[in-house]
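Novice: Sequence plus predicted model, see below.
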Amino acid sequence: MSGARLTIDFAGEIFEVSPERTFTVGRTGDLELDDNGYLHRHFLEFAHRDGLWWMHNVGSRLPATITGGSGLMRSTVAPGAGVPIVFSPSVVTFSAGATTYELELTTNTDIFESTPHVVDPGRGKTTIAPTTFTVSQLQAIVALAEPMLKYSGSGAWQIPTSADAAKRLGWTQTKFNRKLDNVCDKLARAGVRGLRGSESDLAVNRRMVLVEYAVATLLITADDLHLLALGEDTPDRIVR
């Protein structure tokens, strides 16, 4: 038990937690974040039980996201729920009002190791799925997914608007919307749900669905962030 320590890093402030105690995070507690009225007084609790460290959401309204395995594993912890911390390091993110917080967790009791699976391109030829994307189509996806690709634990609340994504690429919004329509239509025809709907749903929901799908299926990764720097004169060839 004495070696099962948890280290919590908040903006460079380090907390060492022993397994004999429960560590609380919120407006008040062992880690006092700030006087944010949107944040619960007691929001997260960390405790050691059954040989594992656990994170419990003891708030009543806000969710938290824990990401481990180099960003490949992600879990949303709703109020009243708890999850074991099985990867080290792990990143916990949550938002209260306009402020987003991030905690990095390190423990020597992690029990899983995440290894990216290398896909054999010769397999799965009969699976119905989009097989080609152009440079500009991938640029549109990456511009929306940039926060999630750069920062482990980032959530849907950080996905930029279409206007901001267009500005990031130096495009007009008309061009960005056209590329976004092309990508969503292609994925929808391949069976990805949630990319078509009513006028009121499309503006926000399809961006979230697209980004979560693209990141979860490794359609794009952090290695694709360089696409954001490509200029208008880049040939718009099929690359994936």
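Specialist: Great, that's in hand. Residues are numbered from 1 along each chain as shown.
Novice: then stretch 167-177 to CSV, C-alphas only?
Specialist: Taking C-alpha atoms only, stretch 167-177 is exported to CSV below (Å, rounded to 0.1, in the frame of the first residue of the first chain):
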residue,chain,number,x,y,z
LYS,A,167,-10.3,31.4,-40.5
ARG,A,168,-7.7,28.9,-39.2
LEU,A,169,-7.2,27.6,-42.8
GLY,A,170,-7.4,31.0,-44.4
TRP,A,171,-10.5,30.0,-46.3
THR,A,172,-13.8,31.7,-46.9
GLN,A,173,-16.6,30.2,-44.9
THR,A,174,-18.4,29.3,-48.1
LYS,A,175,-15.4,27.1,-49.1
PHE,A,176,-15.2,25.5,-45.7
ASN,A,177,-18.9,24.8,-45.6
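Novice: Could you count how many residues lie near Gly51?
Specialist: 11 (other C-beta atoms under 10 Å). For the C-beta atoms, the positions are set from N, CA and C on the backbone; glycine is no exception.
Novice: if I look at it, how far off is Pro79?
Specialist: As judged by C-beta to C-beta, to the nearest Å, Gly51 and Pro79 stand 26 Å apart.
Novice: Ok, Lys186 next?
Specialist: Lys186 is 37 Å from Pro79, where distance means C-beta to C-beta.
Novice: Same check on Trp54?
Specialist: With the distance defined as C-beta to C-beta, Trp54 ends up 15 Å from Pro79.
Novice: same check, this time on Glu104
Specialist: With distances taken as C-beta to C-beta, Glu104 is found 22 Å from Pro79.
Novice: Same check on Thr134?
Specialist: Counting by C-beta to C-beta - Thr134 and Pro79 are separated by 43 Å.
Novice: now swap in Glu232 and tell me
Specialist: In terms of C-beta to C-beta, Glu232 sits 47 Å off from Pro79.
Novice: same check, this time on Arg237
Specialist: Look at Arg237 and Pro79: by C-beta to C-beta, they are 48 Å apart.
Novice: Thr106 now?
Specialist: Thr106 is 25 Å from Pro79, by C-beta to C-beta.
Novice: what's the answer for Leu218, then?
Specialist: For Leu218, the distance to Pro79 (C-beta to C-beta) stands at 31 Å.
Novice: Which one's more surrounded, these two?
Specialist: Using other C-beta under 10 Å as the criterion, Leu218 and Pro79 rank with Pro79 on top: 15 against 11.
Novice: which residues does the more buried one contact?
Specialist: The contact partners of Pro79, by C-beta atoms under 8 Å, 6 or more residues apart in numbering, come to 57-63.
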